[in-house]
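Student: I would like the atomic coordinates for the input below:
(one chain, ligands or ions: 2)
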Amino acid sequence: MTPEPVEQRRVVVLISGSGSNLAALIEAQSHDRLGGEIVAVISNEPAAFGLKRAHEAGIEAVALPHREYESREAYDGALIKVIERHEPDLIVLAGFMRILTPRFVQRFMGRMLNIHPSLLPAYQGLHTHARALADGVDVHGCSVHFVTEELDGGPVVLQAECRVEQGDSEERLKEKVHAREHLIYPIAVQWFLEGRLKYAAERATMDGHPLPAHGMRLSHDDAEAELGDESDEADQ
Ligand code: NHR
Ligand code: GAR
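Tutor: Ligands and ions are numbered 1, 2, ... in the order given. Have a look, this model is predicted:
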């Protein structure tokens, strides 16, 4: 008997900029560590470098400039149409810089992840590294969370810590956090696509168990051990 062909899980990635997280996801996919296939990359910024990365990887790259729409509602309506053409199982926000309307979020609720450059619930919103430095915190990091209507407020899945060292500049801190983002995002995506990670009753569950409010957390030392002294190739 011929086995049933295995349907690949389908991922659409939304970006606005460099797309280094996208590169980490593409890299994971190329090693069969993503649990699915990136079928399209969409950017609201036509000049985003991430669109080039997608194109070079043979992935459909779509520029959908928000400036050409007269309202957020109109833009999100157009975005929904493009996304639905690709019939995704998961939508991944990877440095996507536009706040999404309630209508958009409701349409894809429970199958949309974001990576945010802080240990949520600390430093929701923008300029997270500068704010962490200004506060003099010892520990900073990043979080993968389900996207809900509440900006950066959806249930957290996975975090990675990063120690803030004396003299760290905003740029240096951003680099350290990026390396951790590139480590944890492909893992969270794989968990979702394998059906282990789910969104249920406004919480994230892993293997059927509700996760704590801050999700699972990779400590600074564990992250360092994982990263070793390999350079972070995705971060260019
Ligand atoms: N949309 C919803 N509904 N919920 C979330 O949790 C979202 C979201 C859209 C994006 C990413 C988020 C982040 O990780 C994200 C999470 C953009 C802004 C913002 O203020 C804030 C948070 C995030 C992304 N954007 C401005 C706006 O008016 C534009 C800023 C710019 O273009 O530079 O949309 O931090
Ligand atoms: C990442 O650090 C991501 O956490 C952050 O933007 C960067 C995108 O980098 N996201 C936000 O700030 C969302 N508001 P990338 O384009 O190289 O992946």
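Student: which residues in this protein form helices?
Tutor: For the chain, the helices defined by DSSP state H cover 20-30, 49-56, 72-85, 102-107, 128-135, 170-193, 220-227.
Student: Make JSON lines from those helices and add distance to ligand 2 to it.
Tutor: (C-beta placed from N, C-alpha, C; glycine too.) Formatted as JSON lines, the helices of the chain follow (distance: least, C-beta to the nearest ligand atom, whole Å):
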{"stretch": "helix 20-30", "distance to ligand 2": "3"}
{"stretch": "helix 49-56", "distance to ligand 2": "6"}
{"stretch": "helix 72-85", "distance to ligand 2": "16"}
{"stretch": "helix 102-107", "distance to ligand 2": "15"}
{"stretch": "helix 128-135", "distance to ligand 2": "7"}
{"stretch": "helix 170-193", "distance to ligand 2": "6"}
{"stretch": "helix 220-227", "distance to ligand 2": "15"}
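Student: out of those, nearest to ligand 1?
Tutor: Nearest to ligand 1 among the helices of the chain is helix 102-107 (4.7 Å), distances taken as C-beta to the nearest ligand atom.
Student: Pick out the residue in the chain sitting closest to ligand 2.
Tutor: Counting by C-beta to the nearest ligand atom, the chain gets nearest ligand 2 through Gly95, at 2.5 Å.
Student: Apart from its neighbours in sequence, what residue is nearest that residue?
Tutor: Gly17 (5.0 Å; C-beta to C-beta, 6 or more residues apart in numbering).
Student: And for the residue of the chain closest to ligand 2, the neighbour number?
Tutor: 23 (other C-beta atoms under 10 Å).
Student: Low-confidence stretches in this structure?
Tutor: 1, 5, 229-236 (pLDDT under 70).
Student: what does the protein put close to ligand 1?
Tutor: Applying C-beta under 6 Å from any ligand atom, one finds that the chain approaches ligand 1 through 93, 96-100, 105, 114, 116, 125-126, 147, 149, 151-152, 154.
Student: circling back to that earlier point, switch the helices of the chain over to CSV; also include mean neighbour count.
Tutor: Converted to CSV, the helices of the chain look like this (neighbours: other C-beta atoms under 10 Å):
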stretch, mean neighbour count
helix 20-30, 22
helix 49-56, 18
helix 72-85, 16
helix 102-107, 15
helix 128-135, 17
helix 170-193, 21
helix 220-227, 15
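Student: Nearest approach to Val39 belongs to which of the ones you listed?
Tutor: Among the helices of the chain, the nearest to Val39 by C-beta to C-beta is helix 72-85 (9.7 Å).
Student: Run through the neighbouring helices and strands of that closest one.
Tutor: Packing partners of helix 72-85 (3 or more C-beta pairs under 8 Å, 6 or more residues apart in numbering; DSSP states H and E): strand 37-43, helix 102-107.
Student: let's see it at 7 Å
Tutor: Packed against helix 72-85, as judged by 3 or more C-beta pairs under 7 Å, 6 or more residues apart in numbering; DSSP states H and E, are the following elements: helix 102-107.
Student: Can you name every helix or strand that the helix it packs on contacts?
Tutor: Using 3+ C-beta pairs under 7 Å, 6+ apart, the elements in contact with helix 102-107 are helix 72-85.
Student: In space, what's closest to Glu87 - neighbours in sequence excluded?
Tutor: Arg10 (6.0 Å).
Student: Contact partners for Arg72?
Tutor: By C-beta atoms under 7 Å, 6 or more residues apart in numbering, the residues touching Arg72 are Thr101.
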